[in-house]
Structures are given as structure tokens and as C-alpha cells.
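Asker: I would like to see how this sequence folds:
(chains A, B and C)
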Amino acid sequence: MREPIIEFKDLTFRYDAQKNPTLKHIDLTINRGEKVLIVGLSGSGKSTLGNCLNGLIPFTYHGEMSGSIKIKGKETRESSIAELSKMIGTVLQDADGQFVGLNVGEDIAFALENDNVELDKMHKAVDEVAKLVDMQDYIEHSPMELSGGQKQRVALAGVLVDDVDILLFDEPLANLDPATGKTAIELIDDLQKKTDKTVIIIEHRLEDVLWRHVDRIVLIRDGEIILDDDPDKVLASDILLESGIREPLYVSAAKFAGVKITPDMHPSDIKRFTLSEDDKKKIFDWAKTHIETPVDDREILLKGEDLRFSYDGKKTIIDGVSFEVKKGEMFAIIGKNGAGKSTLSKLLVGFEKEESGKIYLEGRDIKDDTIYERGKEIGLVLQNPNQMICNTMIFDEVAYGLRNAHIDEDEIKERVEETLKICGLYEMRNWPISALSYGQKKRVTIASILVMRPKIIVLDEPTAGQDYRHYTEIMEFLEKLNNDGQTIIMITHDMHLMLEYCDRCFTLVDGKIYFEGRPSKALVDKEVTEKANLKMTSLYDLANIVKMDPDDFTQSYINAERSMRHAGN
Amino acid sequence: MRETKLFAYVDKGTFVHRLSGLTKLVCFLLLTLATMFTFDIRVLGAMVVLSIAIAIISKLPFKRYRAFIAYILVFLLFNFCLNFLLAPDYGENLFGTRHELIVFTEFYTLTLEEIFYQLCKGVKFLVILPLGLLFFYTIHPSELASSLNGVKVPYKVCTVFSLALRYFPDIQRDYTNINLAQQARGIDTSKKAPLKNRILSFTKVLIPLVFSTLDRVDLISNAMELRGYGKDKTRTWYSFRKLERNDYIAIGVCILVFIFVLVMRFVVVKDLFWNPFI
Amino acid sequence: MNKKSFFGEFNVRMIVATALGAALFLVLFYFVKIPSPAPNTNIQIAYGIATFFGALFGPVSAFLVAFVGHAINDFIGGGLGGIWWSWVIASGIAGLISGFAYKNLDLEHGKKPGVMFFAWNIVAHAIAWLLVAPVLDIVMFAEPVETVFVQGIWSFIVDAASAVVVGYILCVAYAATRSGSKSLDKE
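Answerer: Below you'll find the predicted structure:
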């Protein structure tokens, strides 16, 4: 039996600003060398649990705490953040925000600097740790020159440099594209095997974490641990889905088909997932009944012709891109960091001007429109709603674009109220925006664009950093708009989003279009996924197991999923 | 993303570049401080030679800074006009003589003394300008904080410098995006709008910019505290370069220059200006 | 129940906020130049940022926001090659004194700034541009008194105006986000 390294005993915690406790009677023991995955929705208390471990609670976030947490036998509240940081290293969700150095070396050295470590020793330690996370060639690079995955490696190195026993990852996948996420999970796993550290991962993207083995899954709901078990057992039950956590695609496909999942089928690992012949037939037959390729004969709304663009006249960012978006389409632009997605969206909304090529909206060349004129036709919703909101009250925020156009106040009122009704915000129209949740704020910003009645709205990463429930809430709202005829273009690297909601997509690779077509086709194509930093969906593997064409199988899954979702509404 | 090249720093590997950031800061402070004490055109002339010599040693690309130099000339000209308009007799009051050159009216008379005073000031700019250019052309931005700490600025204040430099590009990018997104919603901060509207429109860019920036405070301070920031009275700096022989030589030379200027000012001339008119 | 210290807290949160404030100050100081009617001068929106950070975190924070922001601006070439210490120091002083309004403000509970807020800001910019900057200019460049005061008066007018207007709008917007959800009913 291994020795316990972390022990929660009947821990209850309530934040000062809140009425009810966020964590209730937590009992949890984690042993040295274990790898534990903690899942739960935002607001379930899983991040609070993490903060109890690293000392942010009770030292930075104050509140009322009862029960006990011991790390290596020591009660945390009798320690300090600094002392705890020598035992437990925390890698936070936002790899960019936590990068506090001006370059990689400085950031890795940050903990050592605070320990007054002598210079030669510090440089030696930084070089060693940089090698461990494969960043030794980037020591002088500034954060602006690094990708999201590289920044995360730096963050990891920054805690490893302290030689901690426990590594705590708070939503490590939230800001990474699928391929980078996969590499991150591999890195964490390899590192743990090499160093025998205890690893705790807080994450809601279950399937991505399960890419490598974990010892236990702990499920938190409403501040309580409701499950703490072996991954195979957890996946065999339906409790995840009931708690709003997305199951791996292959598991939900099998469940859709009516297969009874048991722990001995190894559902936590697609490579070891075993299905009886009977089950395979069940899945095959189920998929067959859902194959149906949507036909699309809608008219063309937006057309780009041989667009080219560079910021400095030298390095081409957009290199001869031509595309068509149809009226009423939900369209995705995908591609890895730096492939030119954001730049392309800026060309569409007129923030930047193409060097050559043409953009036609309903057949009209829109080159000479001002930003404002363009904004009325093609509206952009920024990723972070807080970067758009500039008024205190919901009504004023939505009305803002119209007021700038000096439209008569009666008409403004009418249009704003109509838009608020569509967005489900009408009842709150007189509320201050500060009273809203992040998802509601997002809806306000979408409303503030919709009110201008644009022909197209462009959304930059609409679901970034959202858990499954909030993600579903935002996407179902967008789907409803789309069903009402609104054309929507999304920039995303979320595979589920494109798979489940988009009609068509194209992948941008080095400023050129590499693939254009249905998302289900892109995500079972090895070359496309590699070039765009996506990964093949696990449906591909399942399709191979049941011997069916992966593209057809994926499309059936999408059709089945969509019809179930609509039946549910 | 369109990025501004923030720092002029390029490692040219010259004698000056190889010095520690602390040395550069100390020398910069000593030399600029020294020029503050004097208007003696002979001393200033010597310092012009010195600072241009250092600029040449460190391969300062003068051409790149032509625009700066032109601006400074325009500024000096403007400053001269303003001075002449408001206090045309300033030069003669300083030096106690009146050598008339051009007489417009009794009050508005251009004197040799006024010209000489303006000349002294111009030469002073000629000392300060290359020193400033040199400093930010040869110091690596990440050495700035550690160097400031080296001259006993409290380390938490130094952190304000280094964090401000770290997040400046991010905030600049956010500013561009927010500004464009608000323009798409019809705000007008261009010159076409009346001044009052321009400022009010501008606050509609500022509010999301400032508030979304404040949202980051918790994350960054947590990330720092979780790595032990602020627990001790001192800290070391990864990017600090230890002082070597050349550093001591450079600092020594600057101290000598500093003393020389003080001696000239307070022992030899005993006045701010050297007066050639008496 | 005012337990605020006059100079503000000096903890890690305040340091980080101040650094971000300085970066904001710098971005606005460096990029946003709203031309004013007089030649050679721009309206510096940035002083509103110093005022706002002073109101939130106290005079030390406001001093550093303006001082560090202005110093880095000169350092990266915004000062056309020189670091003009007289103006950098005056900026810092303007921030510092505007931050004296901090102790009696209560933005966290949704209260708008009162008369003292305006008074401190005007005093701050008066001292900075009518006293500190001219005196330093006279000491460093032996400028005639008349010139430095004409420039000083102009700076005082535009900078105090931008600090008060922009700072006030930011403070009110901030207070509005803190007013809490008193009686929010769906209608």
C-alpha cells in the first residue's frame, strides 16, 4: 500500500462573499505517485478544491473552513502559500496570463529568483528543467513568439524547477487546440512516469485526458464528491452524463446504439475497448439507419476571391484564399495558431484591407465600405465579452450601435426589444450587465451585433474555456439563430463544435485553404487533422472496429446526436 | 497581428553591449545627472564629444534616428520662438550685457546673448539625446528591472517595471482589437468628430480595455504568489549580469566625468553659465 | 467603517494591478494622441488611467502608474530619444496627489466619486504642471520663467481636464459594476 500524500477530512469551505458553502464534507485521500482526474462543471467546486491544495485558500481567498487538509502530514492552514509551493506546483489554466517573465528563461527561473538562488546555480537549474520539457532551444524567446502549447510547457517547467512532489493542473486543456492538448497529456504522463510525482488534473474534457491512463476519476457536483472510482467503472455508469460531463464520443456512440457498457470492456481506453460481435453488429445497424448526407442547394451569400494579405509586405499571412459561404449556413474556419484564421476574419469584417483579391456580399464588391458600413453587414463578436461591453445597462449596450447611427429612439426601442427577446434577455433588459454570468454577457454581445441586422455574424472562438453545459447553452442559442436563417461564421479549434453544429468548414494551413467540406470528413482524414492541429475523432477508431466507412459513421453519429438534441428540446 | 517593434535593442556585441545592464544604468544616470548641473558650453562641448564617441563605439545606427533628430530640431526652433516671444531679454539678463543684432522694437531685440543662451541649450540637448538613444539601444529590456534593483530601487517597484513591459504588447493588441470592434459599432474617434465627442467616444474604447485588463489581476498575482513571490525582503534576477573588469572601468570613467563637471561648476566657474561676454 | 490606509495596500495584487495600469498608461500615452488645438501638444487621455488607479488602489499605485508608464514611454522612444525626467517626475507627482482622493472614495460599494475627487485631481495637476515641471525645467535647462509657465499652464488645463473627465467616467463605470444586485426582478 502506498502512503497517502494528500488527505481531506470532512472539509467544508464557504467563501466570505457567498451564502452557501462551495465545498461540503469532502473526504479524499490521494496516495504518493497516483494520477487522479477531478471532473465537474464550472461552479461545481472543483477549482475551489484545487485552491485548497495550493494554499490560495485560505491565504488569498478568505472564507470559513472546517475539517482538515493535510499535505505530507501537515495541515495546510498552518502553512503558507510559499511553503506549500515547495510541495505542490500549480499549473494554471491560462498559460499566457501566468507567464510573468519577459522571456522563457526568466519565467522558468521565477520561483528561484524569489528564493534568492545564486545566479550560476539558477542558470544551471533552468537549463536542466527546460530540457525536461523540451524547451531548451527557446530560452531567449518572448511569450509573443510562443504557441499556446509552448507556453504551457514553460509554465510546467516553472513549477518543476522547485522539485515539487505534487503537480496540480487546473484545466490544462482549456486553451489548447486538440493536437496540442494531446501532446500536453502525453508530456504530463511521461513526466510522471519518469519522476514518480503525484499528479492531479482538474479538467472537464474527459476524453482528451483519458488519452493516457489515469488511476482514478473523482467527480464533483455541487460541492460534493459523488464518485471516486476506477475510470472503467465511472464510464460504465451514466452518472457523468447526468452531471453534465461529456463522455468520450465512442462511449456515447455505443450507448446510443443500445450497447450495455460494463467495466470489463475497458471503456476508458479506445485502444483496449472490447466489444462483442453482437455489440459491434448493434452499433453497425444503428449507424446504418442514420446515414443521410445533407444536401445543400442554398444560394451564395459571401464570396472571397483569391484574397492575399500580409502585415509587413513580406511575410504572406493570407495566400490566395477563395471560398463561398451560403445563405443560412453555419460555417467554421479552422486551423492552428498562426495559420491566418484571425487575419482572415479581420479581412471579412473590414478591420484589415486585403492586398489583392475581392470580397463579394450578395454579389456586391464591398472593398470600399468603411469599418462601420461593413460592421452593419458582417458583424464580429470578439472572444471575450468583456472586451466589447462599454455600457452599464443591458438595454443601452444593445442599443449602442443603433444610437451611433442616430436612429430615432422609438425605432431603437422596438429593435432592441425584439433582439433581446430572440436572445432570451428581454426579462432582464433593465439589469446592469455586471449582474450577468459570463455566458449571459456573451449573449449580450451577440445581441449588440444582431441588433444591427447584419447578414452574417462572425464569432471568434465562441466557446473557448467553457465547460460542456455552458458550451451547449451558447451553441444551442447560436443554432436557434441559425435555424431562423442567420448566417454564422465561426473561428474555432473545437472539434466537437464543428462536428456537431457546423454545416461546412475549411481548414487554413499557412494562409492557404487545405480542405473544404463537411466537418465529419475533415475529422477522419489523417492529413487534414495533422495539418490543422486537430486530431482524429475516436469515432474513426470505433468505425474501424465495427467495419464501417469512418466518414459515413461520423455523419450518422452527428445526425443521431442532432435529432436527439432536438427531441430533447 | 501587427506589432510595433518595441525595443531598439540589437546585440551588436560591442564593448558597450557587453557591459552589465547595471553599468549602463549607472553610467546613464551619472552622465545625464552631470549635464543637469551645468550650462558651461566648454564642458557641454566636451561631453558632446564623449557621448558621440560612445555612440560610435557601440555602432549606434544614426540613420535610423534621423526622424528623432529632426523632431528635436523642430522642438528647439519652436522653443526658441516661444522664448523670444515671451522673454526676448532673457539672454541679456543672464549675461549682463547687450549686443544687439536685429532690432524689431525696443523690447523685441535679438541679442547675441540670446543666441548664445539658445546655443548652450542646443548643445545640452546634443549631450542628452545620444545618451538616451544609447541607453535604450544597448540595454536589454529584461535587464532593466534587475539593474534598477541594483541601484537600490525596491524590488517590488522593479517588478512594476518588468510586468508593465511584459504585458504592454498584450494590452496594445487588445487596444487595437477593441478600438476596431467599437468602430464597427459606429464610434468615431477620428479627427472628423468634434473634440468633445471624440473624447466621449474614446471612453467607450477605454472602458472595455481597462476592465478586461483588470480581470487579469487575480490570475497574474495568483501565478506569482504560487511561485513564492513577495515572501522575502530581497530577490535575485535571472537576467542580471555580474559586473566584470570592464564594468568597473566604465563606471569609474563616468564617476570621474561627474566629478569633473561638479568641480568646473562649483570650484572653477562658480556659475551655471560660462560667460564669454565679460 | 473606513479602514483604508491613506497610501493604499502594498501587496502582490496591488503590484500586479499597478503594473497593468502602467502598461495601460503607456499604451495610451504612446499610441493615442488626440491632437489639441494648440501646436506641439496632445491631449493625454492616459492621465485618466492614473486617476482611476489612484481611486482604486491609492496614491502609491497612481504615482507608479504615471511614473513608470511615462518613463517607459520615453525609454522606448516616445520621448524622441531622451528621458525627460522633469516631465516624468511631474507625471508621477500628478498621479500621487490625485491618489490622495483614495481614502474617502468607496467605489467598491458602488458610490460615485464626490467633490474631493475633483479637488484632488485639480490640485494634483496644478502642482505637477505649474510647480514641479516648470521648476525642474528651470533648474535643468535654465529656461526663462515665462516660457515654462506658458507651457505649464497649457499642460495643466488639458491634463487636468482629461484626468477629471476620463478618470471620473471610469470610476463611475467601475462603481456601477459594484452596485450589486439590489432588486433585480425579471419583468
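
Asker: Check the residue nearest to A:Asp94 when sequence neighbours are not counted and give its pLDDT.
Answerer: Nearest residue to A:Asp94, sequence neighbours excluded (CB to CB, 6 or more residues apart in numbering or on different chains): B:Leu219, at 5.7 Å. Bear in mind the C-beta positions are built from the backbone N, C-alpha and C, glycine included. With respect to pLDDT, B:Leu219 scores 92.

Asker: ok, now the one 5 residues further on?
Answerer: B:Met224 is assigned 95 on the pLDDT scale.

Asker: Return the distance of the helix or strand harbouring it from the chain's centre.
Answerer: Per DSSP states H and E, B:Met224 falls inside helix B:217-225. Put simply, helix B:217-225 sits 31 Å off its chain's centre (CA atoms, centre = their mean, to the nearest Å).

Asker: For it, which outside residues touch it?
Answerer: For helix B:217-225, the external contacting residues (CB atoms under 8 Å, 6 or more residues apart in numbering or on different chains) are A:56, A:60, A:81-82, A:92, A:94, A:97-98, A:100, A:110, B:163, B:230, C:12-13, C:15-17, C:20.

Asker: what do you get if the cut-off is 7 Å, keeping everything else the same?
Answerer: Outside helix B:217-225, the residues within contact range by CB atoms under 7 Å, 6 or more residues apart in numbering or on different chains are A:56, A:60, A:81, A:92, A:94, A:97-98, A:100, C:12-13, C:16-17, C:20.

Asker: same thing with stretch A:110-127?
Answerer: A:100-101, A:105, A:108-109, A:136, A:158, A:161-162, B:227-229, B:231-232, B:234-238, B:240, B:242.

Asker: what does stretch A:406-426 give?
Answerer: A:394-395, A:398-399, A:402-403, A:429, A:443-444, A:446-447, A:450-451.

Asker: C-alpha coordinates for that stretch, PDB please?
Answerer: Provided in PDB are the C-alpha atoms of stretch A:406-426 (Å, rounded to 0.1, in the frame of the first residue of the first chain):
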ATOM      1  CA  HIS A 406     -28.700  58.300 -34.900                       C
ATOM      2  CA  ILE A 407     -31.800  56.200 -35.400                       C
ATOM      3  CA  ASP A 408     -34.900  57.500 -33.900                       C
ATOM      4  CA  GLU A 409     -35.300  56.400 -30.300                       C
ATOM      5  CA  ASP A 410     -38.700  54.700 -30.800                       C
ATOM      6  CA  GLU A 411     -37.400  52.500 -33.500                       C
ATOM      7  CA  ILE A 412     -34.300  51.700 -31.400                       C
ATOM      8  CA  LYS A 413     -36.600  50.600 -28.600                       C
ATOM      9  CA  GLU A 414     -38.500  48.400 -30.900                       C
ATOM     10  CA  ARG A 415     -35.500  46.800 -32.500                       C
ATOM     11  CA  VAL A 416     -33.600  46.300 -29.200                       C
ATOM     12  CA  GLU A 417     -36.600  44.700 -27.500                       C
ATOM     13  CA  GLU A 418     -37.100  42.400 -30.400                       C
ATOM     14  CA  THR A 419     -33.400  41.400 -30.300                       C
ATOM     15  CA  LEU A 420     -33.500  40.900 -26.600                       C
ATOM     16  CA  LYS A 421     -36.500  38.600 -27.000                       C
ATOM     17  CA  ILE A 422     -34.600  36.500 -29.500                       C
ATOM     18  CA  CYS A 423     -31.600  36.300 -27.200                       C
ATOM     19  CA  GLY A 424     -33.700  35.400 -24.100                       C
ATOM     20  CA  LEU A 425     -32.600  38.600 -22.300                       C
ATOM     21  CA  TYR A 426     -35.900  40.600 -22.600                       C
END
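
Asker: Tell me which residues of that stretch come out buried.
Answerer: Burial within stretch A:406-426, assessed by neighbour count using 16 or more other CB atoms under 10 Å in any protein chain shown, is assigned to A:412, A:415-417, A:419-420, A:422-423, A:425-426.

Asker: Need the contacts of stretch A:406-426 in TSV (columns: neighbour count and secondary structure).
Answerer: Converted to TSV, the contacts of stretch A:406-426 look like this (neighbours: other CB atoms under 10 Å in any protein chain shown; DSSP: H, G, I helix; E, B strand; the rest coil):
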residue	neighbour count	secondary structure
A:Ile394	28	helix
A:Phe395	20	helix
A:Val398	27	helix
A:Ala399	23	helix
A:Leu402	23	helix
A:Arg403	15	helix
A:Arg429	17	coil
A:Arg443	24	helix
A:Val444	22	helix
A:Ile446	27	helix
A:Ala447	21	helix
A:Leu450	23	helix
A:Val451	25	coil
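
Asker: Those residues into a markdown table, with extra columns for distance to chain B?
Answerer: Output for those, formatted as a markdown table (distance: CB to the nearest CB, whole Å):
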| residue | distance to chain B |
| --- | --- |
| A:Ile394 | 15 |
| A:Phe395 | 15 |
| A:Val398 | 11 |
| A:Ala399 | 11 |
| A:Leu402 | 8 |
| A:Arg403 | 8 |
| A:Arg429 | 19 |
| A:Arg443 | 16 |
| A:Val444 | 12 |
| A:Ile446 | 13 |
| A:Ala447 | 12 |
| A:Leu450 | 12 |
| A:Val451 | 10 |
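
Asker: Which members of these are the farthest-apart pair?
Answerer: Spatial extent of these (CB to CB) is set by the pair A:Arg403 and A:Arg443 at 20.0 Å.

Asker: Name the helix or strand for A:Thr274, please.
Answerer: Counting by DSSP H and E, A:Thr274 is found in no helix or strand.

Asker: Based on its surroundings, how many neighbours for residue 117?
Answerer: Just going to use chain A. Neighbour count for A:Val117, taken as other CB atoms under 10 Å in any protein chain shown: 20.

Asker: ah, I was thinking of chain C
Answerer: Neighbour number of C:Phe117 under other CB under 10 Å is 23.

Asker: Secondary structure class of it, three-state.
Answerer: helix (DSSP: H, G, I helix; E, B strand; the rest coil).

Asker: what number of residues lie near the residue nearest to it when sequence neighbours are not counted?
Answerer: Excluding its sequence neighbours, the residue lying closest to C:Phe117 (CB to CB, 6+ apart) is C:Ala101, at 4.6 Å. A total of 27 residues lie near C:Ala101 under the criterion other CB under 10 Å.

Asker: How is chain A divided into domains?
Answerer: As assigned by automatic domain parsing, chain A contains the domains A:4-243, A:248-294+A:538-569, A:300-517.

Asker: Ok, which of the ones you listed comes nearest B:Ile207?
Answerer: domain A:300-517 (4.7 Å).

Asker: residue boundaries of the strands in chain C?
Answerer: Applying DSSP state E to chain C gives strands spanning C:34-35, C:42-43.
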